[in-house]
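1. from the sequence below, what's the structure:
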Amino acid sequence: MADAALAKDVASLVKKQKASRKRATTAVDKLLRRAREAHARVSDGGVTAADARAAVAALHAAAAETDVLGKVKSEHKALHGAIGKVAKSVDKALLTDLGPLAALGEAGGDGGRGGSDVGAALAAPLADHLYRHGHVEVADALLATIDDRNGGAAGAADDGEGGAGAGSFGGSLGSAAAAGVSRAPYVGVHTILRDLRAGRLGSALEWASRQRGALIALGSTLEFDLHCLAFVQKLRRPAPRGRQEALLHAREHFPHFADAQMPTIKRMMAASLYAGRLEASPYADLASPGRVRAVERAIVRDNCLLHGLPESSPLETSLRAGLMGLPALLKLSSVLKMTGGSLESLTEVPVEVPLPESLQFHSVFACPVSREQTQPDNPPMLLACGHVVGKDALERLSASRGGRFKCPTCPKVQTSSEALQLRL
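-> Below you'll find the model as predicted:
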């Protein structure tokens, strides 16, 4: 019910936002049209001073009559009320008391781990995420802090990276190695991302050119996307110089990608007609900041794939899975509290938490006899007939009749010694 109410309020907010924008835009456009008309009358060479004053007075009267500012304020107030309603629906739909889950971190998930170890364990995935996105100095500082708290034992360690890109924290290399975080794949990308955000594409283009073969093998279009950014960057400079530089860049680099990217190349060529005024052209989307952010994400993704690392950081993956499982865990915590139990006493989650395929990293098998999911101490067993049961169920089936039993799915009689452990 709460989810349905939230969806209804969000839909209502979107509808109000569109209507509010339309009304406010109409009012502003109307006033602008009056202002242009007044400007045209005043700019006429034969206009007298009296006529000019009359035109300005008429414009002021039109502005007072239209009351654009009042209308915009009114629309903003109505929209703010709808946003507040959505916020209340979010509070109702999502439980916000995370105390039971926070207790897990305080107690330690293994029943005896100290707070220092928990902090170090959390610092590793957090530092990895920061390294991935180019925040090398922040990650170094985090790991150095954890290292200092643990007595600085990691300071003498070395992860084989040498001094390249070490940042300003002397013990950062050893700290990263001790925390189990791979720092080397990210230090070069840090410079590339920093330059890209500052509008300097040279280092990114050089890196993509060196990795061309590997990027093609990944099916990545990153190098072409970077050349498109460079083309647009030159095209935004004043014409005709900007157009000439952009066309020279296209002539040198675009032929390498013509087979796969011809539609985009044609669009780039058409955009060259609007050199120096691209933002006011039908091709304004080519200059959108979103294209730069998309390339940033592609650099991070492809760099990870080139080093054999997962596309998403462990922190991001855990956070997504945790947010999906949080409602079920909070509900379970409430039920356990009423029965005198607690989440801290559990060794596994006793409820189903459905996750999308992107967050499933291993197969899950449920025994057709016991209806339980297999575990390391109860692995799936392949019977001689080709059917599969859990090890515990196999032992129960073969406990009598000298170890011979009939498959619970088909009539084949067999022994437990014929079964093989199945590794999924």
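2. gap between the residue nearest the centre of the chain and Leu323?
-> The centroid of the chain falls nearest to Glu316 when counting by CA atoms, centre = their mean (7.5 Å). Applying CB to CB, to the nearest Å, the value for Glu316 to Leu323 is 11 Å. To be clear about C-beta, it is placed using only N, CA and C from the backbone, and glycine gets the same treatment.
3. list the buried residues of the strand or helix carrying Ala87.
-> Following DSSP states H and E, one finds Ala87 within helix 68-93. The neighbour-count check on helix 68-93 (16 or more other CB atoms under 10 Å) flags 68, 71-72, 75, 79, 82, 85-86, 89, 93 as buried.
4. can I get those in CSV with pLDDT?
-> CSV is the format used below for these (pLDDT from 0 to 100):
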residue, pLDDT
Val68, 77
Lys71, 78
Val72, 79
Glu75, 79
Leu79, 82
Ala82, 82
Lys85, 82
Val86, 81
Ser89, 79
Ala93, 69
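5. the bottom helix or strand of the protein by mean pLDDT?
-> In the chain, the helix or strand scored least confidently by mean pLDDT, DSSP states H and E is helix 99-107, which has a mean of 50.
6. just the element for Gly199, please.
-> Counting by DSSP H and E, Gly199 is found in no helix or strand.
7. I meant Ala11, not that one.
-> Counting by DSSP H and E, Ala11 is found in helix 2-43.
8. hey, where'd the strands end up in the stretch 51-200 of the chain?
-> Using DSSP state E, counting those that start in this stretch, no strands are found in the stretch 51-200 of the chain.
9. what does the stretch 301-424 of the chain give?
-> So, for the stretch 301-424 of the chain - with DSSP E, counting those that start in this stretch - the strands run 380-382, 388-390, 404-406, 413-415, 420-421.
10. what's the most buried one of the ones you listed?
-> Mean neighbours per residue, mean count of other CB atoms under 10 Å, is largest over the strands of the stretch 301-424 of the chain for strand 388-390, with a mean of 22.
11. quickly run through the sheet partners of that strand, with directions.
-> Here strand 388-390 has these sheet partners by DSSP bridges: strand 380-382 (antiparallel).
12. now the helix holding Ala87: how far from the chain's centre is it?
-> Its chain's average C-alpha position is 28 Å from that of helix 68-93, according to CA atoms, centre = their mean, to the nearest Å.
13. what are the structural domain limits within the protein?
-> Domain assignment for the chain, taken from automatic domain parsing, gives 2-93, 119-187, 199-306, 314-341, 362-424.
14. please report how far Lys391 lies from Asn378.
-> 5 Å.
15. now do the shared contacts for the two.
-> Overlap of the contact sets of Lys391 and Asn378 (by CB atoms under 8 Å, 6 or more residues apart in numbering) is empty.
16. closest to Pro354 out of the domains of the chain?
-> Of all those, domain 314-341 sits nearest to Pro354, with 7.7 Å by CB to CB.
17. ok, and for the closest one, which residues are buried?
-> Going by neighbour count (16+ other CB under 10 Å), the buried part of domain 314-341 is 315-317, 321, 325, 329-330, 332-333, 336.
18. and which of those residues is nearest to Tyr283?
-> Using CB to CB, the buried residues of domain 314-341 come closest to Tyr283 at Glu316, 33.5 Å.
19. just the pLDDT for that closest one.
-> Among the per-residue scores, Glu316 holds a pLDDT of 87.
20. and it, what does it touch?
-> By CB under 8 Å, 6+ apart, the contact list for Glu316 reads His129.
21. where's it relative to His133, distance?
-> Distance of Glu316 to His133, given as CB to CB: 10 Å.
22. from the buried residues of domain 314-341, which is closest to Arg371?
-> Distances from Arg371 to the buried residues of domain 314-341, taken by CB to CB, are shortest for Leu332, at 19.6 Å.
23. that older thread, may I see the buried residues of helix 68-93 arranged in TSV, with distance to Leu201 as well?
-> As requested, those are exported to TSV (distance: CB to CB, whole Å):
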residue	distance to Leu201
Val68	42
Lys71	44
Val72	39
Glu75	41
Leu79	39
Ala82	42
Lys85	45
Val86	40
Ser89	44
Ala93	44
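24. taking these, tell me the two that lie furthest apart.
-> Spatial extent of the buried residues of helix 68-93 (CB to CB) is set by the pair Val68 and Ala93 at 37.2 Å.
25. helix 68-93 and the helix holding Ala11, what's the angle between them?
-> Angle, helix 2-43 to helix 68-93, by axes from the mean of the first three to the mean of the last three CA atoms, to 10 degrees: 170 degrees.
26. quick one: mean pLDDT for helix 2-43?
-> On average, helix 2-43 scores 81.
27. repeat for stretch 135-152
-> Average pLDDT, stretch 135-152: 78.
28. which residues touch stretch 58-65?
-> Applying CB under 8 Å, 6+ apart, the external contacts of stretch 58-65 come out as 31, 34-35, 38.
29. buried ones in it?
-> Residues of stretch 58-65 classed as buried: 59, 62 (neighbour count, 16+ other CB under 10 Å).
30. so how far is it from its chain's centroid?
-> Distance, centroid of stretch 58-65 to centroid of chain: 49 Å (CA atoms, centre = their mean).
31. what does stretch 205-225 give?
-> Chain-centre distance of stretch 205-225: 22 Å, with CA atoms, centre = their mean.
32. can you measure across that stretch, start residue to end residue?
-> One end of stretch 205-225 sits 10 Å from the other (CA to CA, to the nearest Å).
33. that one - what's its average pLDDT?
-> For stretch 205-225, the mean pLDDT works out to 92.
34. and for stretch 286-304?
-> Averaged over stretch 286-304, pLDDT sits at 90.
35. identify all contacting residues around it.
-> For stretch 286-304, contacts defined as CB under 8 Å, 6+ apart pick out 132-134, 185-186, 189, 192-193, 196-197, 204, 211, 215, 218, 220, 222, 225-226, 228-229, 232, 236, 267-268, 271, 278-279, 285, 310-311.
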